[in-house]
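**Student:** this one's sequence-less:
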């Protein structure tokens, strides 16, 4: 769950970059060594807290207190493109959580009256995370794939918190484009393959501070070989952490959250 006010121009630019990346991959796929489209469903748990105030913030409103800490089925689709020693990956993940609870701290969202502690609320969070990653193998002839590279991403989110005594929800809808460093590791064992990646970003600039971590490990079992490719079953675990702190002259805003849990899915290698 990431909440941030960001300029529209930067958001449009990132959408253009992501669209161009997907277009290039699709055009180039005719010459790629292998293409592996995949689809998964993750059983992911949301955790974290939100703090917003016109003055100093002493505590945040926890996801647990808002009733948003359940596990939910989260769809995740993507594709891997291999031009040894170059590997490219694109993916999109969309998660939604809603629930009822009681605030455990003051929450002041600009443009809305403050929500005081112990206020019964109905809450909803929707978040989409879209990434494109490119890595270069450090040891292209070794049995272990180990590569490093860079990536771009976009987080699209919406938050709505409505006190049960009020007809008006307090909400934010926005996007955050970002870039990051990434690393990839892979190892084949007969019909099985382990594949993992780690991506991360952390920086502080003026009144903003951002941290992004994405860890994933999956075991892929190829169970069906075809004349033009193969089909496989995937199981694994995903951990995503986002921490954003914004301290402008009009107040203070902080949101940190994690999405984590197991996933399973199918892939086809062409």
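**Tutor:** Okay, I see it. Keep in mind that this is a model prediction, so the values were computed, not measured.
**Student:** Any idea how far apart the tips of stretch 109-125 sit?
**Tutor:** Terminal residues of stretch 109-125 are spaced 15 Å apart (C-alpha to C-alpha, to the nearest Å).
**Student:** Let's test this: mean pLDDT of it, rounded?
**Tutor:** Averaging pLDDT along stretch 109-125 yields 86.
**Student:** again with stretch 201-220
**Tutor:** 86.
**Student:** ditto for stretch 259-267
**Tutor:** Stretch 259-267 comes out at a mean pLDDT of 97.
**Student:** which residues are contacting that stretch?
**Tutor:** Applying C-beta atoms under 8 Å, 6 or more residues apart in numbering, the external contacts of stretch 259-267 come out as 1, 36-47, 71, 74, 76, 95, 127, 218, 220, 231-240. Backbone N, C-alpha and C define where each C-beta goes, glycine included.
**Student:** Next, the buried residues of it.
**Tutor:** 259-261, 263, 265, 267 (16 or more other C-beta atoms under 10 Å).
**Student:** for stretch 163-174, same thing?
**Tutor:** Buried, per 16+ other C-beta under 10 Å, within stretch 163-174: 163, 170, 172, 174.
**Student:** Could you do stretch 133-140 as well?
**Tutor:** 133-135, 137.
**Student:** Now flag whichever of these is closest to residue 120.
**Tutor:** residue 133 (42.1 Å; C-beta to C-beta).
**Student:** Distance check, the residue nearest to the closest one when sequence neighbours are not counted against residue 263.
**Tutor:** Distances taken as C-beta to C-beta, 6 or more residues apart in numbering put residue 151 closest to residue 133, at 3.8 Å, once the chain neighbours are dropped. For residue 151, the distance to residue 263 equals 19 Å [C-beta to C-beta, to the nearest Å].
**Student:** And residue 33, by the same measure?
**Tutor:** 26 Å.
**Student:** Now do the SS call for residue 165.
**Tutor:** Put simply, residue 165 is coil when judged by DSSP: H, G, I helix; E, B strand; the rest coil.
**Student:** mind listing the strands for the stretch 51-200 of the chain?
**Tutor:** Here the stretch 51-200 of the chain has its strands, by DSSP state E, counting those that start in this stretch, at 61-62, 71-83, 86-102, 120-137, 144-163, 170-189, 192-205.
**Student:** ok and the second one relative to strand 170-189, angle-wise?
**Tutor:** This means strand 71-83. For strand 71-83 against strand 170-189, the angle by axes from the mean of the first three to the mean of the last three C-alpha atoms, to 10 degrees is 50 degrees.
**Student:** go on, the fourth one?
**Tutor:** Taking the same axes, to 10 degrees, one finds strand 120-137 and strand 170-189 inclined to each other by 40 degrees.
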